[in-house]
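# The sequence and its predicted three-dimensional model are supplied below.
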Amino acid sequence: EFRRVLFRSATERAVLQRASVVGRTFWDTALARLSAPEKGQEPLTPDQIQHALVGLHRKELIFQRQTSAFSGAVEYFFKHELMRKVVYENVTRRQRRVYHSQTAQWLIGQSGERVTEFAGVVAGHFEQAESALEAADWYGKAGQQANMGYAPANAIDSFQKALALLSAAASVPGALDAKRLEWQEGLGEALGAQARFAEADAAYLAMRAQAEASGDLLAQARAWNGLAFLHERRGDNRASVTAAERAEFLSRQSGDDGAAMAGRIRALHLKGWAFFRLGDAAMVLALAAETLQLCTQFRDRRGQATSLKLHGVGHLLLGHYLEADRCFKQGLALCRELGDWRNAAAMLNNLGESARLRGDCQSAAPLYQEALARAREIDSRESELIYLTNLSGALVGLEQYEQAEAGLRQVIALTGMPNSCALSETYCLLAEACLGQEKRDAALAAAQRALALARESGSHLDMGDAWRTLGRVAAALGHDHGSRTPGRAEPAPRACFEES
């Protein structure tokens with residue numbers, strides 16, 4: 001049926017074939033660009049194209065949109081994607097390559113300053129044109145655009161395609177080989193945001209190996225910073241400190257320009273965050289002060305927000321809640337001004353932590369909920385898991401134990417690795433939620449798991465929480481003689497509390 005209608009007019013067929021290469025959505029001026037006589041292509045005049053479009057619209061094979069993505073171009077779309085595919089299959093392979101290349105060039109020229117918005121589409125056309133290096137370059141641009149737009153899943157796809165195309169190429173120009181480092185770094189960042197830490201680790205290790213081979217000290221520093229972040233997120237805080245110190249050293253060795261200073265500041269921030277996990281308030285506050293001074297000196301406002309966050313968590317460790325809130329609120333205002341939604345969510349979460357630690361779970365819950373909503377909006381799985389744990393903690397405080405348990409078990413199911421920066425706390429809270437529902441055996445198992453994870457991470461803060469939780473569970477077990485399992489060794493509450 002499609003062929004009977006489509007191929008009645010040779011001109012309409014030629015127009016429709018060109019349109020099928022552009023995509024489900026296409027533009028009249030793009031078709032004119034594809035109509036240039038080259039390698040035996042049949043030339044079509046603008047009048048012929050317009051006449052054919054009118055005829056195809058009349059047959060309801062295509063439709064015109066009221067608005068267009070591009071100024072000066074009329075936008076159309078195929079009624080059915082299946083029909084576009086049928087038409088596309090009737091375009092010869094040689095013609096497809098030419099048309100795809102011309103479409104990519106048209107998109108680049110038509111997009112102007114907005115070209116990065118269409119980078120993925122441009123890359124796809126170059127790939128179909130079998131122009132591998134051009135496709136790799138544009139997939140790299142698409143990945144960077146996706147990371148900036150908080151679309152890590154799209155970034156991962158684009159960076160992986162860019163790197164695969166480069167790996168398959170017989171030879172790679174020096175400029176593109178240098179971009180490989182940026183793409184590996186971007187891939188590591190996006191995978192980290194999706195909590196795919198093992199894959200992110202591989203990306204940063206590949207980046208580091210290439211940077212070492214080329215003698216690029218700054219790229220080595222950036223790779224070490226990426227690894228420091230991943231170590232902290234996986235609960236290996238000592239390894240995070242070591243990696244951050246290596247990144248700081250390499251940044252200093254690479255010079256004193258803006259890029260080197262950015263690497264150094266990032267390393268100090270990451271080092272501070274690892275020390276927060278280790279419960280060392282003095283080191284956290286010292287690093288917060290050092291980085292805030294550097295960020296102010298070099299007018300790094302995003303860095304200033306991160307330094308304020310470090311100041312805040314340092315004061316949380318000391319129980320200075322009003323000072324912590326002042327830092328978080330100042331940082332939140334700055335993040336909102338800069339459009340830094342990832343750190344804005346972190347500030348909201350930290351304000352929730354301050355409220356929960358003061359015992360005000362009623363105020364904490366909506367702050368966590370807002371942080372969680374922000375994390376989900378920007379598809380930051382690693383932040384989502386932390387904020388869901390903290391929200392569940394507030395629900396435990398509000399005695400909404402069943403809902404809290406459901407959230408905590410969801411976090412455990414989604415974590416997908418043996419340990420993480422918040423997993424010990426997750427199990428502590430799970431123990432509390434189970435205890436609130438009189439699930440004492442489940443509470444004991446969760447508390448013991450929390451302690452084991454805290455020991456692995458070396459976090460004295462987590463170990464203290466785990467021992468206290470285990471003590472509360474042990475105390476509850478001691479008051480419920482009828483529920484004891486014969487032959488089971490149970491911890492002594494007093495010993496647990498002393499350890500905490």
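Right, received. Where do you want to start?
# Next, name the residue at the spatial heart of this structure.
When C-alpha atoms, centre = their mean is applied to the chain, the residue found nearest the centroid is A193 (2.9 Å).
# Apart from its neighbours in sequence, what residue is nearest it?
Distance criterion C-beta to C-beta, 6 or more residues apart in numbering; nearest residue to A193, sequence neighbours excluded, is P152 at 4.1 Å. C-beta here means a position set from N, CA and C on the backbone, and glycine is covered the same way.
# gap between the one you found and Y401?
33 Å (C-beta to C-beta, to the nearest Å).
# Between these two, point out the one with more neighbours.
Neighbour totals were compared for P152 and Y401, and P152 leads with 26 against 19 (other C-beta atoms under 10 Å).
# Any figure for the gap between the more buried one and L218?
P152 is 24 Å from L218, by C-beta to C-beta.
# ditto for A129
Applying C-beta to C-beta to A129 and L218 gives a distance of 35 Å.
# next one: V121
Counting by C-beta to C-beta, the gap from V121 to L218 is 32 Å.
# So G464 sits against C496, correct?
No - with contact defined as C-beta atoms under 8 Å, G464 and C496 do not form a contacting pair (10.7 Å).
# Settle it for me: which of those two has more neighbours?
Set side by side, G464 and C496 show more neighbours around C496, with 21 against 14, by other C-beta under 10 Å.
# In terms of helices and strands, where is that one?
Secondary structure from DSSP states H and E places C496 in helix 493-499.
# packing partners for that helix?
The elements that helix 493-499 packs onto, with contact taken as 3 or more C-beta pairs under 8 Å, 6 or more residues apart in numbering; DSSP states H and E, are helix 460-478.
# now for the helix it packs on, which elements pack on it?
Applying 3+ C-beta pairs under 8 Å, 6+ apart, we find helix 460-478 packed against helix 423-436, helix 440-457, helix 493-499.
# State the helix or strand in which F26 lies.
Using DSSP H and E, F26 falls in strand 25-27.
# likewise V121?
helix 119-128.
# Point out the other helices and strands that that helix packs with.
helix 93-111, helix 132-148, helix 152-168.
# Now with 10 Å, please.
helix 10-22, helix 93-111, helix 132-148, helix 152-168 (3 or more C-beta pairs under 10 Å, 6 or more residues apart in numbering; DSSP states H and E).
# And the first one, how far out from the chain middle?
Going back to what we said before, that points to helix 10-22. Centroid displacement of helix 10-22 relative to its chain, using C-alpha atoms, centre = their mean, to the nearest Å, is 39 Å.
# for stretch 453-471, same thing?
So, by C-alpha atoms, centre = their mean, the centroid of stretch 453-471 is 29 Å from its chain's centroid.
# In contact with the residue nearest to Q160 when sequence neighbours are not counted, which residues?
The shortest distance from Q160 to any non-neighbouring residue, by C-beta to C-beta, 6+ apart, is to L187 (6.7 Å). Residues near L187 by C-beta atoms under 10 Å, 6 or more residues apart in numbering: 140, 143, 147, 152, 155-160, 162-163, 199-200, 202-204, 206-207, 226.
# now swap in C327 and tell me
Per C-beta under 10 Å, 6+ apart, neighbours of C327: 288, 292, 307-316, 320, 347, 350, 354.
# Would you mark the buried spots in the strand or helix carrying it?
Assigned by DSSP H and E, C327 falls within helix 321-338. Neighbour counts using 16 or more other C-beta atoms under 10 Å place Y321, E323, A324, D325, C327, F328, Q330, G331, L332, L334, C335 of helix 321-338 among the buried residues.
# now swap in stretch 44-57 and tell me
So for stretch 44-57, counting by 16+ other C-beta under 10 Å, buried means L44, Q48, I49, H51, A52, L53, G55, L56.
# right, and out of these, which lies closest to E113?
The nearest member of the buried residues of stretch 44-57 to E113, counting by C-beta to C-beta, is I49 at 27.3 Å.
# so what's that closest one closest to, chain neighbours aside?
Closest to I49 by C-beta to C-beta, 6+ apart is L31, at 5.3 Å.
# Counting neighbours, what do you get for the one you found?
28.
# Show the pLDDT at it.
On pLDDT, L31 comes in at 94.
# Return the distance of stretch 439-454 from the chain's centre.
31 Å.
# what about the helix holding V121, average pLDDT?
98.
# how much does it deviate in direction from helix 93-111?
Orientation check (axes from the mean of the first three to the mean of the last three C-alpha atoms, to 10 degrees): helix 119-128 against helix 93-111 gives 160 degrees.
# Output helix 119-128 as CSV - backbone C-alpha positions only.
Provided in CSV are the C-alpha atoms of helix 119-128 (Å, rounded to 0.1, in the frame of the first residue of the first chain):
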residue,chain,number,x,y,z
ALA,A,119,25.2,17.5,18.5
GLY,A,120,23.8,14.0,19.0
VAL,A,121,21.7,14.3,15.8
VAL,A,122,24.7,15.6,13.8
ALA,A,123,26.8,12.8,15.2
GLY,A,124,24.3,10.2,14.2
HIS,A,125,24.2,11.5,10.6
PHE,A,126,28.0,11.5,10.4
GLU,A,127,28.1,7.9,11.7
GLN,A,128,25.5,6.9,9.0
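# circling back: can you give me phi and psi for the residue nearest to Q160?
phi -60, psi -40 (degrees, to the nearest 10).
# likewise F77?
Dihedral angles (degrees, to the nearest 10) for F77: phi -150, psi 150.
# which residues does it contact?
Residues in contact with F77, defined by C-beta under 10 Å, 6+ apart, are A19, G23, R24, T25, F26, I62, F63, Q64, R65, R84.
# could you flag which of the residues you listed are buried?
A19, G23, F26, I62, R84.
# now the helix or strand harbouring A203 against helix 152-168, angle please.
Here A203, judged by DSSP H and E, is contained in helix 197-214. In terms of direction (the same axes, to 10 degrees), helix 197-214 departs from helix 152-168 by 40 degrees.
# who are the neighbours of helix 197-214, in terms of helices and strands?
helix 152-168, helix 174-193, helix 217-233, helix 237-253.
# rerun that using 6 Å as the cut-off
helix 174-193, helix 217-233 (3 or more C-beta pairs under 6 Å, 6 or more residues apart in numbering; DSSP states H and E).
# Now it: average pLDDT?
96.
# That one vs helix 174-193, what angle?
150 degrees.
# what comes up buried for helix 197-214?
Those would be F197, A200, D201, A203, Y204, A206, M207, R208, Q210, A211, for helix 197-214 by 16+ other C-beta under 10 Å.
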